[in-house]
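S.K.: Here is a sequence together with a model predicted from it:
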Amino acid sequence: MRTLQYIKNQFDNVMKPMVWDKTTQAKFMYIIKHPLVIKEKSMIPQWKFCTSSGDKRCTDNIGVSDILILDFDDPSYSIKTFENSFREFRYILHTSHSYDGVNQKFRVFLFLNEEYDLNRLFFKCHNTAFSPYHMLVNYFDCVDKASFVKAQFFKMPAITESNKPYYYKFNNGRLFNPFIDIGFEMKMAYDYCIDKQEEYLKELDRENQKYRSKFGKINLDKAREYIAECIENTQDGERHNQVFSLACWWKRIGGSYEEFEQNMPSWADSSYNKQMKRIRLEWAKLK
């Protein structure tokens, strides 16, 4: 059943579910047509269509969805371009909090033909031929990549003052089918992405074991490159879980904390540094 989750603002990590009944639909439609008036961007409530297995906003708790939320803020990609390209599909479009009547900052709810497991639909596979995430990024021109982060929530329609410009559109059309509209390769990627990633990691493990048998130590060069790439490309909202899972895997194949901490991503902030300190203290317990 379609469920609308919301949080009070960007600092809130407790999801509040709302079943998609007539009351919730009416509230949703009202907010689309009558944006909230909130000066401070960080205090705008946020929402996401998905089921959940817990109330904490985190990757592990996000389930399935039949709506893609697409965020656009590239000046080279206009609202009119999107409307012309996707006129045959069912969607709801509204401008963003920073829209000034000229810039092209907007968000889209694109309705899908059925519910999809977001873990698979947004999965990043090392083999891009089996990576749904990369196929979505390539299909939707100029989309913000954060649109395909499982735990990413999106700000509700809002304006800074009541007289500020705002635009919305309800477009009736057919439901978007990723397996048809993107192509059969998307179905193959969706079905086999996790298996392909596991095969890749197992192959790295086998190479490491062969190297250790021959030279008495482990060659972690490929594994180190893989971890550095994964951490660097992880989107906001998934970083904490991704760093932790990679640290556990690195330890299992024989890597040290000192080697792991060398993978400093360009986005490293105080939260990342705090997590790394905790990982160092708990390194011996990681599995």
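M.R.: Noted; the coordinates are in hand.

S.K.: quick one: the strands in the stretch 1-150 of the chain?
M.R.: Across the stretch 1-150 of the chain, reading from the start of the chain, the strands by DSSP state E, counting those that start in this stretch fall at 3-7, 16-19, 36-37, 46-49, 64-72, 91-95, 106-117.

S.K.: closest one to M186 among those?
M.R.: For these, distance to M186 was read as Cβ to Cβ. The smallest value, 10.5 Å, belongs to strand 106-117. C-beta here means a position set from N, CA and C on the backbone, and glycine is covered the same way.

S.K.: Which among the strands of the stretch 1-150 of the chain is found nearest to E198?
M.R.: strand 106-117 (16.3 Å).

S.K.: List the buried residues of the closest one.
M.R.: For strand 106-117, burial by neighbour count (16 or more other Cβ atoms under 10 Å) applies to 106-112, 115-116.

S.K.: will you turn these into JSON lines that also has distance to F123 and pLDDT?
M.R.: Output for the buried residues of strand 106-117, formatted as JSON lines (distance: Cβ to Cβ, whole Å; pLDDT from 0 to 100):
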{"residue": "F106", "distance to F123": "26", "pLDDT": "97"}
{"residue": "R107", "distance to F123": "23", "pLDDT": "98"}
{"residue": "V108", "distance to F123": "22", "pLDDT": "98"}
{"residue": "F109", "distance to F123": "22", "pLDDT": "98"}
{"residue": "L110", "distance to F123": "19", "pLDDT": "98"}
{"residue": "F111", "distance to F123": "21", "pLDDT": "98"}
{"residue": "L112", "distance to F123": "16", "pLDDT": "98"}
{"residue": "E115", "distance to F123": "16", "pLDDT": "97"}
{"residue": "Y116", "distance to F123": "11", "pLDDT": "97"}
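
S.K.: Which of those sits closest to A228?
M.R.: Relative to A228, and with distances defined as Cβ to Cβ, the nearest of those is Y116, at 29.8 Å.

S.K.: dump the residue contacts of that closest one.
M.R.: Taking Cβ atoms under 8 Å, 6 or more residues apart in numbering as the definition of contact, the neighbours of Y116 are 64-66, 178, 190.

S.K.: returning to what we had before: now flag whichever of the buried residues of strand 106-117 is closest to T59.
M.R.: When those are compared for distance to T59, the smallest value, 15.7 Å, is given by Y116; criterion: Cβ to Cβ.

S.K.: ok, now how distant is that closest one from M188?
M.R.: As judged by Cβ to Cβ, to the nearest Å, Y116 and M188 stand 15 Å apart.

S.K.: got a pLDDT number for K274?
M.R.: On pLDDT, K274 comes in at 87.

S.K.: Looks to me like it is in a helix.
M.R.: Yes: K274: assigned to a helix according to DSSP: H, G, I helix; E, B strand; the rest coil.

S.K.: how close does it sit to Y200?
M.R.: Between K274 and Y200 the computed distance is 30 Å (Cβ to Cβ).

S.K.: more neighbours, the two?
M.R.: Neighbours around K274 and Y200, counted as other Cβ atoms under 10 Å, are more numerous at Y200. The numbers are 16 against 11.

S.K.: list the helices and strands the helix or strand hosting the more buried one packs on?
M.R.: Element membership for Y200 (DSSP states H and E) is helix 184-215. Here helix 184-215 touches helix 118-121, helix 132-139, helix 221-233, going by 3 or more Cβ pairs under 8 Å, 6 or more residues apart in numbering; DSSP states H and E.

S.K.: Which residues lie in contact with the closest residue in space to K187 that isn't next to it in sequence in this structure?
M.R.: Nearest in space to K187, with sequence neighbours left out and distances taken as Cβ to Cβ, 6 or more residues apart in numbering, is F179 at 4.0 Å. When contacts are counted by Cβ under 8 Å, 6+ apart, F179 touches 186-187, 190.

S.K.: Which of these are buried? Put it as a ChimeraX command.
M.R.: This is how ChimeraX selects the buried members of the contacts of F179, with burial counted by 16+ other Cβ under 10 Å:
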select :186,190
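
S.K.: Just send the contacts of F179 back as a markdown table, with distance to L4 too.
M.R.: What follows is the contacts of F179, written out as a markdown table (distance: Cβ to Cβ, whole Å):
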| residue | distance to L4 |
| --- | --- |
| M186 | 25 |
| K187 | 27 |
| Y190 | 24 |
